[in-house]
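[1] Here is my input, please return the structure:
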Amino acid sequence: MLTVHHRPVYKLLLICQTCRSKCGLSWEECSCCTTCVSLQNCCADYDQFCLQPFPYSASMLGGSIFTLSNITFPPTERILCRYKGGIVIEGFVNAEGHAHCITPLLFEKGWVPFDVSTDGVNFDRSGEYLSALTAILANATRWQYYGTPNTVLGELQMTWNSSLIISAERVNIELWGYREVNSTPGTGRGNTNPLKAEWTYLYSLGKNLSNSGVFSFLPKPTQKPLSDWELGSIHVRSASHADGARNVQGLWSEEHTLAWHLEQAFRDDSTGWALAKCLQWDTYENSLPNFMEELKDYPCTLALARADTGRFEADYSCDMDKGSVCIYHPGSFHCVRSIQASPTYGSGQQCCYDKTGAQILTGDSTSGSSPDRVHDMGSHPYRVATRVPGLSHWLADVQSYFYCCLWSDHCDVYFARRSSMDCRRYEPPRSGVVIGDGNFVTFDNLEYTFNGRGEYDLVTSPDKELSVQVRTEQVKLKSGTEATRLSSVAMREGSSDVVEVRLRAMPFTEQSRMDLHGVFMSSPCPENVTVMFASGVGLEVRAYQGLMTVTVLLPTAYTNHTHGLLGQMNSDLSDDLQTRLGQVLPSANATPEGIFSFGASWDILNETFLFTYDSKYLLDTHTRTPDSGPASPQPSMSLRMRAGPWRKTRSGSSRSTRPSNKLCSQVQHRLWADHRGNTVVDILRRLVACGWLPSPKNGTKHGKLYIQGGNLSFSCDDGFTLTGSLQRSCLPNGSWSGEQAYCTLVIHFKTGTFSELCFISRSQIKRRTRYYQNTFKSGQKPLSIYHFHNLMVTVKVAMAEPR
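    All right, here's what the predicted structure looks like:
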């Protein structure tokens, strides 16, 4: 099983031995780093100044409360909590002496540093918490369709955990709204005037109510200007504060479209009201830049989308592992979203697939893949309009979907602006794998076994500033035989935080995803951690019965830029076994001794290690003096070494996939299967795509597969005849066979000439040609420990100075 560590990277300074304003620093005599707890070398005042919040995650909307779990104060002590060096909010100390801080509204997610003061002057105690999207709105459909046809009106009910609003016997329930408006006169987002994000108290739904955990109310339509606020959230907080008080303890609902709050005109004719809004949005979109120009194409198949974990993640609103409940893409089986926002516009990509694994495109279905002008999870620098996680995306992409598709029947308007991009330009990543007890598959698909014990460079790319390191350790099997296993992997790209994933048996319960500096982590399921860097590099770590497997996914930009145990990524197996000094061991006739020498050469150098040494065992086993060279790894001679190309036999099994000892056999086979060892190469091969073809007007297209081998056929409605190709196939060169299909009106003449018939047909064809041309034109275009279930991950934040 695996755990995740998060620790800042700090300088070693020889100064006064106190942790006051020095958390994260270390000296010879003692340490203020989080590792000091397990190493038992903390400075005497570590617990007084280096704070551990519980819980460690909170809503980005503020009002959450966390306890400083490792310190107590007199109950009368005044506590001030300062966030990001500027926002100061008064906390409190309970009767047991436990201090509590209340989080502020931040409009951003990720790790937030905080400091604490007891005198209002010296903020010399520090820590950090995770700002995240955490709210959930129950029965959201009824709230968001309130007032539309076939929706039952009446009271709405909300519930909450009353114990989470501490010391509040009475509460107020408020509606807050979010919008993005021009801060100075001007029109449109294309205008140079910046937009301003506004989070505003609108009105109270109930005041001085019992904190019972349940509240029902009958929504009443509002009037302008209140009805102009169409997106918001409900806030439940103590009645002791003034109306609209910010940064006070409370609970937030999920952001949602405020159908229940809109003006009477919406209830009188929701369809007409929504259509007017849809057309208004369409006009506004026309003034904005083309954000789709910098988006990358979708993966061509569902298997590719689920394998490309460095660039795409499951869409929480349409996930096959959670029942495929796809409210906004009905009929889809699974959708994925791009992890990184586009560099200029902060946009995102969304791709949906059917049960067969084929792409669903908007040209064929309203459930199709649709790009987003604003990435769902926001983008740096956050905190500003069009970049706020969740809220900005809702305004730019979701609200308009309600206008055009859910509240009215004009999806054609919406999808003209959010049309699917297909996959003709999609480049799959290359994969390299290390499994269980030393089985390696290089990026060029060479398989070998290396059983050295120690710490090694799995992938190193000085040009791209990427480093992935693995640690192996000796274990004793029940039979008494000694073997080696992969026990930890550490990684960093450029100036990003360092992430380490190691075997550990502790659960993670608060967050399944984290945004860190230059790196993103998620745990979509137990015993699995996925790490993604800004460049699109991805690592997937899985654990099973004490063994782990690591899959490294690299974009094609890393071609000819990799070294290490996973070899050079250049489609040439012959040079994969290249030592650190540049000597190439021919893989065709490699001996066990030669393979071991190759592996040993990639023992990590002292100045490049990324691992955390937070126990006496790790310090004694793996650390070296500054003058020492690479450690001498020890082989486990009971394990057979082999090398050879990784390929499938005619029976479908991979060559040399038999585990290297009987006891590990079942576990090894499970790991091979779990990381898709027998199919990963096939899944990540590039597929030829030919692009979307429309149905002929007055006809039907049969088939929706637009990759090599896909076949489409066409038929015409009654009264029309087919001209062009009845069937077209996607060819290996990326083009479609045959000719474009048209459905031509069949006209029967009692009198008339052949030339009149030809004239009618030609004019129809011209009109249809213009139609298809227009269609194509619009469519191109610091060490804290966190646990993801059973996986432990360590992150070292890239910092050089103390907070």
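
[2] Which pLDDT value does the model give H517?
    pLDDT recorded at H517 is 83.

[3] Please apply the same query to S332.
    In this model, S332 carries a pLDDT of 93.

[4] From what I see, it and Y353 are in contact.
    Yes: counting by CB atoms under 8 Å, S332 does reach Y353; the two are 6.8 Å apart. In short, each C-beta sits where N, CA and C put it, glycine included.

[5] And the helices in the stretch 401-550 of the chain?
    For the stretch 401-550 of the chain, the helices defined by DSSP state H, counting those that start in this stretch occupy 411-417.

[6] Residue ranges in it under the pLDDT threshold?
    Scanning the stretch 401-550 of the chain for pLDDT under 70 picks out 476-481, 504-511, 524-526.

[7] if I look at the residue nearest the centre of the chain, how far off is C326?
    Geometric centre of the chain, nearest residue: I339, 4.3 Å, by CA atoms, centre = their mean. Using CB to CB, to the nearest Å, I339 is found at 20 Å from C326.

[8] ok, now E427?
    For E427, the distance to C326 - CB to CB - is 27 Å.

[9] can you check R170 too?
    According to CB to CB, R170 and C326 sit 41 Å apart.

[10] The two: who's more crowded?
    C326 (19 against 12; other CB atoms under 10 Å).

[11] Report the secondary structure element holding S126.
    Using DSSP states H and E, S126 falls within strand 125-132.

[12] pLDDT on that strand, on average?
    Mean pLDDT, computed over strand 125-132, is 88.

[13] What residues sit buried inside the next helix or strand after that strand?
    Where DSSP H and E defines the elements, the next helix or strand beyond strand 125-132 is helix 140-144. For helix 140-144, burial by neighbour count (16 or more other CB atoms under 10 Å) applies to R142, W143, Q144.

[14] tell me the mean pLDDT for helix 140-144?
    The pLDDT scores in helix 140-144 average 84.

[15] what helices or strands is it leaning on?
    Packed against helix 140-144 by the contact rule (3 or more CB pairs under 8 Å, 6 or more residues apart in numbering; DSSP states H and E) you find strand 256-257.

[16] Identify the residues contacting the strand it packs on?
    Applying CB atoms under 8 Å, 6 or more residues apart in numbering, the contact partners of strand 256-257 are L137, A140, W143, Q144, E230, L231, G232, S233, W394, V398, Q399, F402.

[17] just the angle between the helix or strand harbouring I71 and strand 125-132, please?
    Using DSSP H and E, the element containing I71 is strand 65-72. Going by axes from the mean of the first three to the mean of the last three CA atoms, to 10 degrees, strand 65-72 is angled at 150 degrees with respect to strand 125-132.

[18] ok, back up a step: could you identify the most distant pair in the contacts of strand 256-257?
    Spanning the widest gap among the contacts of strand 256-257 are S233 and F402, at 16.3 Å by CB to CB.

[19] now the strands for the stretch 151-300 of the chain?
    For the stretch 151-300 of the chain, strands defined by DSSP state E, counting those that start in this stretch occupy the ranges 156-159, 170-182, 195-210, 214-217, 231-238, 250-252, 256-257.

[20] Tell me the strands beside the last one, with direction?
    Sheet pairing here is set by DSSP bridges, and for strand 256-257 it gives strand 231-238 (antiparallel).

[21] Now do the strand it pairs with, average pLDDT.
    Averaged over strand 231-238, pLDDT sits at 94.

[22] Can you give the contact residues for that strand?
    Residues outside strand 231-238 that contact it (CB under 8 Å, 6+ apart): 61, 63, 135, 158, 160, 165, 167-168, 170-179, 202, 205, 215, 245, 248-258, 261, 391, 394-395, 399.

[23] which of those count as buried?
    Those of the contacts of strand 231-238 that meet the buried threshold are 61, 63, 135, 158, 160, 165, 168, 171-179, 202, 205, 215, 245, 248-253, 255-258, 261, 391, 394-395, 399, by 16+ other CB under 10 Å.

[24] the more surrounded of S332 and Y353?
    Counted by other CB under 10 Å, S332 and Y353 do not tie: Y353 has more neighbours, with 27 against 23.

[25] Leaving out sequence neighbours, find the closest residue to the more buried one.
    L302 (3.9 Å; CB to CB, 6 or more residues apart in numbering).

[26] so what's the one you found up against?
    By CB under 8 Å, 6+ apart, the contact list for L302 reads F333, H334, Y353, G357, A358.

[27] Nearest to E473 among these?
    H334 (37.3 Å).

[28] Neighbours of the closest one, how many?
    23.

[29] Identify the residue spatially nearest to it, adjacent ones excluded.
    Once flanking residues are discounted, H334 sits nearest to M320: 3.9 Å by CB to CB, 6+ apart.

[30] Against C326, how distant is that neighbour?
    Counting by CB to CB, the gap from M320 to C326 is 10 Å.

[31] and for the two, which residues touch both?
    Listed as contacting both M320 and C326 by CB under 8 Å, 6+ apart are F333.

[32] Can you show me the helices along this structure?
    Assigned by DSSP state H, the chain shows helices spanning 36-39, 46-49, 140-144, 264-268, 270-285, 302-307, 391-393, 399-401, 411-417, 592-600, 616-622, 665-674, 680-683, 754-779.

[33] Which residues are in contact with the residue nearest to H334?
    A314, F333, H334.

[34] Per-residue pLDDT of the closest residue to the second one other than its chain neighbours, please?
    This points to F333. Distances taken as CB to CB, 6+ apart put K355 closest to F333, at 4.6 Å, once the chain neighbours are dropped. According to the prediction, K355 has pLDDT 93.

[35] Let me know whether K355 touches C326 as I believe.
    No: with contact defined as CB under 8 Å, K355 does not count as touching C326 (11.9 Å).

[36] Residues contacting stretch 50-58, please?
    Defining contact as CB under 8 Å, 6+ apart, one finds that stretch 50-58 is touched by 19, 23-24, 32, 34, 64-71, 101, 103, 114, 116, 125-132, 134, 510-511, 784, 786.

[37] Report the buried members of the residues you listed.
    By 16+ other CB under 10 Å, these give 19, 23-24, 32, 34, 64-69, 71, 101, 103, 114, 116, 125-132, 134, 510-511, 784, 786 as buried.

[38] got a list of what the closest residue in space to R78 that isn't next to it in sequence touches?
    Distances taken as CB to CB, 6+ apart place T118 nearest to R78, at 6.3 Å, with adjacent residues excluded. Going by CB under 8 Å, 6+ apart, T118 touches F73, E77, R78, I79, L80.
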